[in-house]
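any chance you can model this:
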Amino acid sequence: MSLMLMFTSSVARLACLALLLGVLTPPVRGNIHSVFNIKSGTTDGGCDGTNIDAWFSDAQTLAASAAAGAAATDPDSRKYIETFFSIGPNDDPKQAGDPIRLVQQVLGGTTPPGGKPWLFCSSDWLKQKKWTDVAINARTGNPYANRRTIQQVLVKPKGEVPFWSEDLVEYVTGQPGDWCSKPGNSAATQDQTLPSTITLCVNNLPGHEGATLATIPLDPGDGVSISTLQVQSLNLFHEMFHLALGTQATNPETYDLLDITSHPTPVAVKNPESFTIYALAYHLGQITQYTFANTDSVRKPPPAVPKRAESVLDKDFLARFQADKERLPSNVWLA
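Residues are numbered from 1 along each chain as shown. The predicted structure follows:
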């Protein structure tokens with residue numbers, strides 16, 4: 001799916017995130033504007049005219065389905081957990097359930113440490129600068145009067161360049177160039193800044209993919225891999241794990257389905273794409289006549305119709321009916 005742009009997250013932020021699970025309120029159904037600061041317009045990262053509302057709704061749907069699946073105890077639900085997270089029948093499913101619950105809370109409106117995050121729909125909200133440029137004072141938004149350079153006020157990571165954000169009034173560092181201008185880059189999350197940001201490369205999203213979950217066929221047929229049922233809204237759901245858990249705790253990551261199903265549990269529960277594919281598979285397994293518990297679609301057997309045992313009451317009634325029938329004239333028709 002997407003290639004992620006990873007930045008270094010602060011240790012303090014991750015410590016806060018670790019504590020957050022214990023203090024969150026039950027999940028609610030928030031809306032995208034209560035969860036994110038959204039860049040308006042159609043330039044410099046603006047999201048006007050995009051499908052972000054529908055993608056956000058899909059993310060909430062997937063989080064709720066995934067949370068229900070991680071809490072379920074039936075054999076089919078536990079098979080999903082085993083396939084995508086290597087969590088066996090006797091292992092604790094909370095290893096996957098707790099991160100899902102955290103994402104569900106953020107999608108419900110719980111503000112993560114650092115403040116209400118920003119959502120951008122292209123990466124040109126960041127303006128590349130030179131290390132020798134006069135730095136802007138983040139407190140005032142104006143250049144330093146003493147003409148201090150960016151390399152004098154920022155740590156200079158090897159191979160990275162500075163970027164300035166007018167929206168956050170902060171610098172971030174990263175690889176040179178416009179992230180979304182590179183083919184194959186679908187999204188990125190960074191938590192160098194407070195608050196964090198998610199960037200969706202809307203113009204890079206594959207045109208052959210449907211926009212939302214509603215475009216996935218409900219009768220895909222047998223033997224269809226879950227990896228072929230991708231939709232654009234999965235990108236935002238994927239990024240929510242980077243946002244809620246922190247980029248440092250969700251890096252490195254893998255996207256290949258075979259890799260995902262081969263990961264040991266400690267690796268799987270830190271890989272956002274493992275959660276994304278699991279959530280999609282479990283959701284489709286609940287709304288279609290197919291199970292994706294082994295990654296490929298398999299039609300579920302029809303539910304058994306229990307045969308009602310004849311009760312003593314039934315037998316007494318039939319005995320009386322037969323006796324009454326015998327006393328009727330032969331020319332009476334009984335329906």
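
pLDDT below threshold where in this protein?
By pLDDT under 70, the low-scoring segments of the chain are 1-29, 307-335.

show me where it has its helices.
Secondary structure of the chain by DSSP state H: the helices cover 11-20, 32-35, 52-71, 75-85, 94-107, 150-153, 234-245, 257-262, 265-268, 272-287, 312-326.

just checking, Cys180 touches Leu205?
No: counting by CB atoms under 8 Å, Cys180 does not reach Leu205; the two are 10.4 Å apart. The C-beta positions use only the backbone N, C-alpha and C, and glycine is treated the same way.

which one of the helices of the chain lies closest to Ser186?
helix 234-245 (5.1 Å; CB to CB).

by contact count, what packs against that closest one?
For helix 234-245, the elements it packs on are helix 52-71, helix 94-107, strand 187-190, strand 197-200, helix 272-287, judged by 3 or more CB pairs under 8 Å, 6 or more residues apart in numbering; DSSP states H and E.

I figured Trp131 hits Lys158, correct?
No: contact criterion CB under 8 Å: Trp131 and Lys158 do not qualify, at 11.9 Å.

and these two? Which one has more around it.
Neighbours per residue, other CB atoms under 10 Å: of Trp131 and Lys158, the larger number sits with Trp131, 15 against 4.

for the more buried one, phi and psi?
Per-residue torsions, Trp131: phi -60, psi -20 (degrees, to the nearest 10).

got the contact list for it?
149-151, 156, 161-162 (CB atoms under 8 Å, 6 or more residues apart in numbering).

just to revisit the earlier point, will you turn the helices of the chain into a markdown table that also has mean neighbour count and distance to Pro117?
Shown next, in a markdown table, are the helices of the chain (neighbours: other CB atoms under 10 Å; distance: least, CB to CB, whole Å):
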| stretch | mean neighbour count | distance to Pro117 |
| --- | --- | --- |
| helix 11-20 | 14 | 12 |
| helix 32-35 | 16 | 8 |
| helix 52-71 | 22 | 12 |
| helix 75-85 | 20 | 26 |
| helix 94-107 | 22 | 8 |
| helix 150-153 | 16 | 24 |
| helix 234-245 | 26 | 6 |
| helix 257-262 | 16 | 26 |
| helix 265-268 | 17 | 25 |
| helix 272-287 | 24 | 16 |
| helix 312-326 | 10 | 64 |
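
to Pro302, which of these lies closest?
Short answer: helix 75-85, nearest of the helices of the chain by CB to CB, at 15.1 Å.

can you name every helix or strand that that closest one contacts?
Counting by 3+ CB pairs under 8 Å, 6+ apart, helix 75-85 packs on helix 52-71, helix 94-107, helix 257-262, helix 265-268, helix 272-287.

got JSON lines for these, with distance to Asp219 too?
Formatted as JSON lines, the helices and strands packed on helix 75-85 follow (distance: least, CB to CB, whole Å):
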{"stretch": "helix 52-71", "distance to Asp219": "19"}
{"stretch": "helix 94-107", "distance to Asp219": "27"}
{"stretch": "helix 257-262", "distance to Asp219": "22"}
{"stretch": "helix 265-268", "distance to Asp219": "30"}
{"stretch": "helix 272-287", "distance to Asp219": "11"}
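
with Val161 as the reference, measure out to Gly46.
23 Å (CB to CB, to the nearest Å).

what of Asn137?
20 Å.

now Ile81
Using CB to CB, we find Ile81 at a distance of 42 Å from Val161.
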